[in-house]
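**Q** fold the following for me, if possible:
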Amino acid sequence: MKKTLLILFLGFVFFSCEKKQSESLDSSKDSTTSLVDSELNEEGFEMYEMSEMAALMEQMYVDNERLKERIIKGDTIGKFPQHFIRIHKAVLTDETDKDEFFKEQAAIFIKAQELIYEDPANAKKHFNSGIDACIQCHQVKCSGPIPKIKKLYIK
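**A** Residues are numbered from 1 along each chain as shown. Sure thing, here's the model as predicted:
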């Protein structure tokens, strides 16, 4: 009889602790969720959305990584990617940045890129000139991506 009571008592303690622990986890989850939700609503946090220009520049970076490898390996260059021309019309994060300086640098960049395909014998020189144009513009407009862009240079 004593053994039965002891087993029932231990079972009761064990199961009641298990329930309290899961309840406390659920309540802490709810309070955390409501805290986060209230912070989101009060602070107005929003997901970052890339501008059309930022997305284009990301794509140009990937294209130039591939082009760099082809130039280094001596593979055929292919055709000039026509979507690069969108640099003149793509919407920037801050449209006031699309001034004369930006337009000049964009034209220099596009010309250097076109020369890679027109004059593949000097592809390395033209490629690095295009990277120079990127860096010169980013030194004035948005310096954040410069370290990443510098990795594109062909040594």
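
**Q** just the endpoints, please. Distance across stretch 71-86?
**A** Distance between the two ends of stretch 71-86: 24 Å, counting by Cα to Cα, to the nearest Å.

**Q** excluding chain neighbours, what is closest to Gln136?
**A** Among residues not flanking Gln136 along the chain, Gln105 sits closest, at 6.0 Å (Cβ to Cβ, 6 or more residues apart in numbering). Backbone N, C-alpha and C define where each C-beta goes, glycine included.

**Q** now Glu118: how far from Lys141?
**A** Per Cβ to Cβ, to the nearest Å, Glu118 is found 27 Å from Lys141.

**Q** just want to know which of these two has more residues nearby.
**A** Neighbours around Glu118 and Lys141, counted as other Cβ atoms under 10 Å, are more numerous at Lys141. The numbers are 16 against 13.

**Q** if we ignore the residues flanking it in sequence, what's nearest that one?
**A** In this structure, Lys141 finds its nearest non-sequential neighbour in Asp97, 5.3 Å apart by Cβ to Cβ, 6+ apart.

**Q** just checking, that neighbour touches Val140?
**A** No: with contact defined as Cβ atoms under 8 Å, Asp97 does not reach Val140; the gap is 9.2 Å.

**Q** so which elements touch the helix or strand encompassing Phe102?
**A** Taking DSSP states H and E as the criterion, Phe102 maps to helix 100-118. Other helices and strands packing on helix 100-118, by 3 or more Cβ pairs under 8 Å, 6 or more residues apart in numbering; DSSP states H and E, are helix 123-140.

**Q** does anything pack onto the next helix or strand after the helix it packs on? Which helices or strands?
**A** Using DSSP H and E, the helix or strand that directly follows helix 123-140 along the chain is helix 146-150. Contacts defined by 3+ Cβ pairs under 8 Å, 6+ apart place helix 146-150 against helix 123-140.

**Q** what's the helix it packs on in contact with?
**A** 64, 67-68, 71, 77, 101-102, 105-106, 108-109, 112-113, 115-116, 119, 144-146, 149-150, 152-154 (Cβ atoms under 8 Å, 6 or more residues apart in numbering).
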